[in-house]
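Peer 1: Coordinates for the following, if possible.
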Amino acid sequence: MAPLRGSRTLRGCLAVLAIAHARGFSLGPSLPVSACGLLTRAPALSPRLRGAPLRLRAAEVTPDVAAVLTRYGVPATDHPALVKELAPLLAGGEKPGVQRVETLDVTLERGAEGGLGIDVDKSNVIQGNKFQRGLQVGDRVVAIDGVRLGSKFVAQALEPGKASYVFTVERGGQGAAAIEDEIFALAKSEEVLLGDSGLSAQKASGKVAESFVKKAQGLEALGASIDEEKLKGFWKLCFTSDPSFVSRGGASGLGALPYCYLAAHYQCYQDKAPSGQTVEIVANTNLGSHAVGALKGAWKVDAESKADEFVSRTVTEAYERTEFANALQSTKPVQRTQTLTFVGDKVRISRGEGAGADAVYVYLRLTPEKVSEEIGGWVQRAVPGASLQKARWEEGFREEGPGASTLGN
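Peer 2: Numbers count the residues shown, from 1 in each chain. Have a look, this model is predicted:
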């Protein structure tokens, strides 16, 4: 189809430009419009168009887009063709302030005195560079000579005596650390607000939920590579936009037992068996106490995939044993699948499965000691609004000391 011509098309271009601008997108350099100054006299855009991602497919005209095109005098018959022409120019734009992660290979050579002349912190991020070309302060080293660092430090991965090394680094997306800190702070304030009710009192909508989701989307938009080694460790679920996860009693389903609800959810991924574990705190309103439920099995993660510029990996958890209150509950297999969209130093973001595939799950990385402390605290805590009547097995559990769960063992 020949490109559309004339003043109507120019008005239509300006309309779509206005939509893109309102939604925070940049435009490709080949856009055949030079009269962008006219946008200052454009009619006000509907608030519904602001802040939402713009993903126009060929010949797709949403009601919002059609309304703006019509406002600029473009006949409805021309809408599909116009959108089809502009879709490639609008695709791939990014929100202001989001810097995508770029993966680069940089060759480093030893200097005259035998050193590399770089300073690296404990997160393998370059803090200083005296003479290496192509390497920048802020670059994160993820592999050396094609071998992923995983949990190793750069110094541990350098082969002694070599004259040069190829560093694979991730550049950009330095905002990730700041966003992760913001999520930690938000989770702390939310924890104080919810008190002893935990996840069961959390709302999947509202200002706090919206903040969690937006920050999670900000991390996903960085497009950072997802390192399997970085996934290992201890995690605590601080937010999910999937209300059914709590209502069905969590991953174990124990929170849906009579008089019970899910109060907290922890996970551990490790090398030793059982490599995959989930521990959930179950509140019993009848006894007025909390008990520990555990799923034990294995986990695996598939290869990294990329769609619409978003990076993801699927992690499958296959559990063979369910325990509750220090006793075997069931050996019936339980499987859970999550789509990982970001794994950082402090935060992990994943999406759900099935009907909740778009739901966001935000996990915080905790130390084993912190997890043990929190689980032990839950066991000692009374359920809000219920009188505490400790069962004999729970007294025995308390005597074993704080964090007497089997998470990580």
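
Peer 1: Next, count neighbours for the closest residue to Glu220 other than its chain neighbours.
Peer 2: Excluding the flanking residues, the one nearest Glu220 by C-beta to C-beta, 6 or more residues apart in numbering is Thr341, at 4.5 Å. (C-beta placed from N, C-alpha, C; glycine too.) Neighbour count of Thr341, defined by other C-beta atoms under 10 Å: 24.

Peer 1: what's near enough to touch Thr341?
Peer 2: Thr341 makes contact with Ala216, Leu219, Glu220, Ile226, Phe310, Val311, Ser312, Ile349, Ser350, Arg351, according to C-beta atoms under 8 Å, 6 or more residues apart in numbering.

Peer 1: can you do 7 Å?
Peer 2: By C-beta atoms under 7 Å, 6 or more residues apart in numbering, the residues touching Thr341 are Glu220, Phe310, Ser312, Ile349, Ser350, Arg351.

Peer 1: Beta-bridge partners for the last one, please?
Peer 2: In this case it means Arg351. Thr339, Val360 (DSSP bridges).

Peer 1: For it, give its distance to Ala204.
Peer 2: 14 Å (C-beta to C-beta, to the nearest Å).

Peer 1: More neighbours: which of the two?
Peer 2: Neighbours were counted for Arg351 and for Ala204 using other C-beta under 10 Å; Arg351 has more, 21 against 17.

Peer 1: Test my guess that the more buried one contacts Leu340.
Peer 2: No: between Arg351 and Leu340 no contact is recorded; they are 8.2 Å apart, counting by C-beta atoms under 7 Å.

Peer 1: re the thing from before, report the secondary structure state of the residue nearest to Glu220.
Peer 2: Following DSSP: H, G, I helix; E, B strand; the rest coil, the label given to Thr341 is strand.

Peer 1: any idea how far it is from Asp358?
Peer 2: According to C-beta to C-beta, Thr341 stands 11 Å off from Asp358.

Peer 1: okay, now the spatially closest residue to Tyr259 that is not a sequence neighbour: neighbour count?
Peer 2: Distances taken as C-beta to C-beta, 6+ apart put Asn286 closest to Tyr259, at 3.9 Å, once the chain neighbours are dropped. The tally of other residues near Asn286 (other C-beta under 10 Å) stands at 11.

Peer 1: and Asn286, how far is that from Asp139?
Peer 2: Between Asn286 and Asp139 the computed distance is 56 Å (C-beta to C-beta).

Peer 1: Then Val74?
Peer 2: Distance from Val74 to Asp139, counting by C-beta to C-beta: 47 Å.
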